[in-house]
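A.B. asks: Sequence first, then the predicted structure:
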Amino acid sequence: MKLGLQLGYWGQGPIPNAAELVGAAEEAGFDSVFTAESWGSDAYTPLAWWGSQTSRVRLGTAVAQMSARTPTALAMAALTIDHLSGGRHIIGLGVSGPQVVEGWYGQPFAKPLARTREYVQVIRDVLAREGAVRNDGPHYPLPLAEGPGVSGLGKPLKPITHPLRADIPIWLGAEGPKNVAQTAEIADGWLAVFYTPRISPMFNGWLDEGFARPDARRTRETFEIAANAQCVITDDVAAALDRYRPSAALYVGGMGAKEKNFHADLYRRMGYGDVVDEVTRLFLSGKKAEAVAAVPDEMVRETMLVGTKDQVREQIKEWEASGVTTLMVTARDTDTIRELATLV
């Protein structure tokens, strides 16, 4: 089991002690550090800024949203930071949801699986630099040959800069069965959000479907599973659950439309369908405090590692036994980072 530090995306402003956290993670032997984006701070700028002070940890995005950049633009950012870090970059991608894709980026959300497959292939073609990049797919055509305002003068190109690595690992954020199976087929790793060992047989079934496909890129033995988890070492479990209960309510009730919320769908598969319905109803009617209160302890706790040192050590063993190769923790103080490093 490896440890990764998930810095996430910013709220109203930058994470005040992020540089200190990154330094502590590298010193404590963490394998990786990740940044994210929603519709505020971006993923690549903080990763480069804070990552410039490191020399060993891998630097990843978890996740960079596909609709924020064309696949060639993402490949440019990736090959750049991979050079600057000496080959330590991990490309972490996700489709986000229709509210963000269409509401913030102004892009159509349809066919997320097909878009992901095409997006990943274009990135791999850029990084391979075996010739001018062409793509005949409907989502990211290269060169663009027709459409309103198209000059018809576009030409296939290959990157001026030679990538340091043609095989920069690509990890995909995925929550549903089809998306997870495709991730196992075309990617180098899976970024799992709201993971719980309790339903790992379901997750592993989805992954095995992807590994069994004829053109699967990797096997289970060479594939990485990075599970995101809040991690709190404490004697006061109740207080820790109360601290993270609002986040659970937000993701199942407010992060996505009522008609399509991938986080809510995942919690339904975990057996919390009635809770999801109630939290969503309360959240969308403006009763946020009541929505938070409707989230039961067990729904918060099972996607966390929380308790005393000994309890957290045993929980880490459970997550590892379920197939997780990297525990991506969201610790926000250096003491927790150092303590966690002693438990793995």
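C.D. replies: Sure, I can see it.
A.B. asks: Mind listing what's buried along stretch 171-178?
C.D. replies: Neighbour-count burial for stretch 171-178 flags 171-175, 177 (criterion: 16 or more other CB atoms under 10 Å). No exception for glycine: its C-beta is placed from N, CA and C like everyone else's.
A.B. asks: Same check on stretch 262-282?
C.D. replies: Counting neighbours by 16+ other CB under 10 Å, stretch 262-282 gives 262-268, 270, 272, 275-276, 278-280, 282 as buried.
A.B. asks: how about low-confidence regions in the stretch 151-300 of the chain?
C.D. replies: 256-258 (pLDDT under 70).
A.B. asks: Report the rounded mean pLDDT for the host helix or strand of Leu74.
C.D. replies: Assigned by DSSP states H and E, Leu74 falls within helix 71-84. When pLDDT is averaged along helix 71-84, the result is 98.
A.B. asks: next SSE after it?
C.D. replies: Where DSSP H and E defines the elements, the next helix or strand beyond helix 71-84 is strand 89-94.
A.B. asks: which helices and strands sit right next to that following strand?
C.D. replies: Using 3 or more CB pairs under 8 Å, 6 or more residues apart in numbering; DSSP states H and E as the contact test, the elements touching strand 89-94 are strand 32-35, strand 58-61, strand 64-65, helix 71-84, helix 112-128, strand 170-173, strand 189-192.
A.B. asks: got the buried residues for the very next helix or strand once past that strand?
C.D. replies: Per DSSP H and E, strand 89-94 leads on to helix 98-103 as the next helix or strand towards the C-terminus. Going by neighbour count (16+ other CB under 10 Å), the buried part of helix 98-103 is 98-102.
A.B. asks: Tell me the one of the residues you listed nearest Thr330?
C.D. replies: Val100 (20.4 Å; CB to CB).
A.B. asks: who touches that closest one in this structure?
C.D. replies: Val100 makes contact with 38-39, 65, 67 under the criterion CB atoms under 8 Å, 6 or more residues apart in numbering.
A.B. asks: Drop the exposed ones from the residues you listed and show what's left.
C.D. replies: By 16+ other CB under 10 Å, the contacts of Val100 give 38, 65, 67 as buried.
A.B. asks: which residues are contacting stretch 274-287?
C.D. replies: Against stretch 274-287 from outside (CB under 8 Å, 6+ apart): 249-250, 252-254, 258, 261, 264, 267-268, 288, 290-291, 294-296, 299.
A.B. asks: 10 Å instead, please
C.D. replies: For stretch 274-287, the surrounding residues in contact (CB atoms under 10 Å, 6 or more residues apart in numbering) are 248-258, 261, 263-268, 270, 272, 288-296, 298-299.
A.B. asks: Check those for burial and list the buried ones.
C.D. replies: 248-256, 261, 263-268, 270, 272, 288, 291-292, 294-295, 299.
A.B. asks: Which members of those residues are positioned in helices?
C.D. replies: 248-253, 263-268, 288, 291-292, 299 (DSSP state H).
A.B. asks: wait, Gly137 sits on Asp125?
C.D. replies: No - with contacts counted by CB atoms under 10 Å, Gly137 stays clear of Asp125, the gap being 11.3 Å.
A.B. asks: Have a look at these two and say which one is more surrounded.
C.D. replies: Neighbours were counted for Gly137 and for Asp125 using other CB atoms under 10 Å; Asp125 has more, 20 against 14.
A.B. asks: Relative to the longest strand anywhere in the chain, what are the paired strands and their orientations?
C.D. replies: Longest strand in the chain, counting residues (DSSP state E): strand 224-233. Strand 224-233 has its sheet partners listed here by DSSP bridges as strand 189-192 (parallel), strand 304-307 (parallel), strand 326-329 (parallel).
A.B. asks: Counting neighbours, what do you get for Leu79?
C.D. replies: With other CB under 10 Å as criterion, Leu79 counts 24.
A.B. asks: Just give the closest residue to it, not the sequence neighbours.
C.D. replies: Pro163 (4.2 Å; CB to CB, 6 or more residues apart in numbering).
A.B. asks: Pull up the gap between the one you found and Arg220, please.
C.D. replies: From Pro163 across to Arg220, the span is 27 Å (CB to CB, to the nearest Å).
A.B. asks: So these two - more neighbours on which side?
C.D. replies: Per other CB under 10 Å, whichever of Pro163 and Arg220 has more neighbours is Pro163, with 20 against 14.
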